[in-house]
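> Sequence first, predicted model second:
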Amino acid sequence: MTPSRFAAVLALSFIATGPALAGASLVVDASSGAVLSSENATQAWRPASTTKMMTIYLALKAVREGRLALETAIPVSKLAASQPRVKVYARPGQEITLDNALRIMMVKSANDIAYVVAEGVGGDVPTFVGMMNAEAQRLGMRDSNFVNPNGWDHPDQQTSARDLAVLAMALMHDFPQYSDYWNTSAVQLGKQVMQNTNGLVGRYPGIEGMKTGFTCASGFNVVATASRGGKTLIAVVLGSVSGVERTVKAAQLLDDGFSRWGGGGITVASMAPSGTRAPNICDDVRHRGGGVALADDADISGPIAASAAAGGNDSDGGRFGGFTTQSAGPVATRSPRGRIVLGQRAQVVPVQVSFGRTAGSAAAPLAANATAQPESRVARGTAPTIEPGAPVAAGLAIAPRRTASSNGAIPRGTTAFAPADAPVQPSANAFEAGPLRLQGAVQRGAANAASLRAGAAAGIKPAPRNAKAQAAKPQPAKTPATKPQPGKAPASTSSLPKPRPSQAAVKPQADKPAAKAKAKPASDA
């Protein structure tokens, strides 16, 4: 190997392994963007579910521009429902308001709901991803590239601590009235209570929320914001090996930032992009995090102990240096054996969320995927409304018939759904068109509405097994039944019984029970 090639390999190895062990972090003043502390802040990193910060930013921007409302009902697609966990197992065809979707997405970090939001805002996921990257460029997120709206790991999806701080500042500056979405301690969906995955919420004094993220390749990430003494800070921690570590490190960084009078003259805007690739630290997470990579929703309301560090002992290996800072006590404690344990969360009443519509959904703008896809259009003004605050059962009954206007909505004052006892009227080509062609004893043009009513099928005589062979033989010419001779019945039909008015196609066999007719295999029908 030549010296130049060896140097290049060594440099690439340093980029891939150096930051992966140390992680990345950044603390900035939210009002000025002044950098208070920084470690590998522009190193590209896999964002995991911190991606959902961009998803909610675009959703709130759509609300501000009047393209959506918080009570807009968004239909759940098959693609959204198929997303991997963490999820709330939304079913295709269900509806959920944007308000409830955003609360679930930011508290539970649900991957399926992130896709629901993306399709409701952009119409489809590729369009929404294009919106994400365009918005990232507009905001100056120079190290970021998005591939999906929920943060599921992809080697081309990356960001940096600096870019996430820029995005957090944009959310706080552009949508301060919606801060409750990223600062809710818990939500309740049916009987299930879901705690915020951000371990600082309910534990750190002055915490104002934001978002966590975890994949094995990214490690445990968190973006946290807190206020104290009239100052608001944003702390970003990327690449921790456990949820406990990221929580305690974020608390330490915030404590340190609140103790400083000012930064060193550097702002997030002045930090140059690194041009690096995001590393994969999965091996480090499994080894140093105790051998098991936990999901991002592992945090609960009660105490949680940190996993054992490398070497299999209870020591933290120096990763929690300076633990006894002014606010670390309420966040976590150290056990007699040296393990770090997160403390109990503050008691809160979870926010009720549900699937289905609310009282304002009828007048809200339609979701983008509802107008773009006729099969999933949302009827307006016809669904039963729900009183605000009333409990709503998860699930939505989709009516089998819908009369839609030209824009996918149902005009006010019209009947959207056909009555249950409406007569069935088959189309003229009911037995020709479509993939389900009827074969056997039922002949073309021989059925009518009366023969399709319940119980009429019991009298259909199955075709013989050798029907195909008989069909292949030439049949002797017969006088057409449509041209009878006056005063004389045709010889070819004189031996046939006359059909009943209600059953022109077939005659029931009185001497054969219906059960025997149904017992024949489907291939003989």
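Sure thing, it's come through. Numbers count the residues shown, from 1 in each chain.

> contacts, neighbours, all on C-alpha from now
Noted.

> which residues of the chain score low on pLDDT?
For the chain, applying pLDDT under 70 flags the ranges 1-22, 263, 289-330, 372-525.

> Start from the N-terminal end of it and give the helices.
For the chain, the helices defined by DSSP state H cover 3-22, 52-64, 78-81, 98-108, 111-122, 125-139, 161-174, 243-258, 282-288, 328-331, 368-372, 467-472, 514-518.

> Out of these, which gets nearest to Ser37?
Shortest distance between Ser37 and these, using Cα to Cα, is found for helix 243-258: 7.5 Å.

> Packing partners of the closest one?
For helix 243-258, the contact count by 3 or more Cα pairs under 8 Å, 6 or more residues apart in numbering; DSSP states H and E identifies strand 24-29, strand 219-228, strand 231-240, helix 328-331, strand 340-342 as packing neighbours.

> Specify the angle between it and strand 231-240 in degrees.
Orientation check (axes from the mean of the first three to the mean of the last three Cα atoms, to 10 degrees): helix 243-258 against strand 231-240 gives 150 degrees.

> re the thing from before, among the helices and strands packed on helix 243-258, which comes closest to Cys282?
The closest of the helices and strands packed on helix 243-258 to Cys282 is strand 219-228. By Cα to Cα, the value is 6.9 Å.

> The closest one packs against which elements?
For strand 219-228, the helices and strands in contact under the criterion 3+ Cα pairs under 8 Å, 6+ apart are helix 161-174, strand 207-215, strand 231-240, helix 243-258.

> Paired strands for that strand, with orientation please.
Each strand that strand 219-228 pairs with, and the sense of that pairing, follows from DSSP bridges: strand 207-215 (antiparallel), strand 231-240 (antiparallel).

> which residues touch the longest one?
Same thing as strand 231-240. With Cα atoms under 8 Å, 6 or more residues apart in numbering as the test, strand 231-240 has contacts from 20, 22-31, 45, 161, 164-165, 168-169, 218-227, 246, 249-250, 253-254, 257-258, 281, 285.

> Now with 6 Å, please.
Contacts of strand 231-240 with the rest of the structure, by Cα atoms under 6 Å, 6 or more residues apart in numbering, involve 23-30, 161, 218-226, 246.

> next one: the shortest one
Judged by Cα under 6 Å, 6+ apart, the contacts made with strand 207-215 from elsewhere in the structure are 48-50, 182-183, 198, 220-226, 296.

> Name only those of those that count as buried.
Buried subset of those (neighbour count, 16 or more other Cα atoms under 10 Å): 48-50, 182-183, 198, 220-226, 296.

> Now for the nearest residue in space to Phe146 that is not next to it in sequence, how many residues are close by?
The spatial neighbour of Phe146 that comes closest, neighbours along the chain excluded (Cα to Cα, 6 or more residues apart in numbering), is Gln157 at 4.9 Å. The burial count assigned to Gln157 is 21, neighbours taken as other Cα atoms under 10 Å.

> Over to His154?
14.

> Backbone dihedrals for it, please?
The phi/psi pair for His154 (degrees, to the nearest 10) reads phi -150, psi 140.

> I'd like the distance between the residue nearest to it when sequence neighbours are not counted and Met210.
The spatial neighbour of His154 that comes closest, neighbours along the chain excluded (Cα to Cα, 6+ apart), is Val147 at 7.3 Å. Using Cα to Cα, to the nearest Å, one obtains 21 Å as the distance from Val147 to Met210.

> out of the two, which sits in the busier spot?
For Val147 against Met210, the residue with the higher neighbour count under other Cα under 10 Å is Met210, and the figures read 29 against 21.

> and the gap between the more buried one and Tyr178?
Met210 is 11 Å from Tyr178, where distance means Cα to Cα.

> same question, Asn196
For Asn196 relative to Tyr178 (Cα to Cα), the value is 16 Å.

> who has more neighbours, these two?
Legend: neighbour count by other Cα under 10 Å for Asn196 and Tyr178, higher for Asn196 (29 against 12).

> isn't that one right up against Ser185?
Yes. At 5.2 Å, Asn196 and Ser185 qualify as touching, with contact defined as Cα atoms under 6 Å.

> Among the helices and strands packed on strand 219-228, which comes closest to Ser109?
Of all the helices and strands packed on strand 219-228, the one in closest proximity to Ser109, counting by Cα to Cα, is strand 207-215 (8.0 Å).

> Tell me which residues touch Thr72, please.
With contacts defined as Cα under 6 Å, 6+ apart, Thr72 is in contact with Thr97, Leu98, Ser361, Ala364.

> Which of these fall within strands?
The strands, defined by DSSP state E, take in Thr97 from the contacts of Thr72.

> count of residues packed around Thr159?
Thr159 is surrounded by 26 other residues when neighbours are defined as other Cα under 10 Å.

> quick revisit: wait, the residue nearest to Phe146 sits on Asp143?
No. Taking Cα under 6 Å as the contact criterion, Gln157 and Asp143 are not neighbours in contact, 10.1 Å apart.

> what's around Arg260, how many residues?
Neighbourhood size, Arg260 [other Cα under 10 Å]: 10.

> about what we covered before: could you give the backbone dihedrals for the residue nearest to His154?
As for Val147, its main-chain torsions (degrees, to the nearest 10) stand at phi -120, psi -30.

> gap between Ser259 and Leu26?
15 Å.
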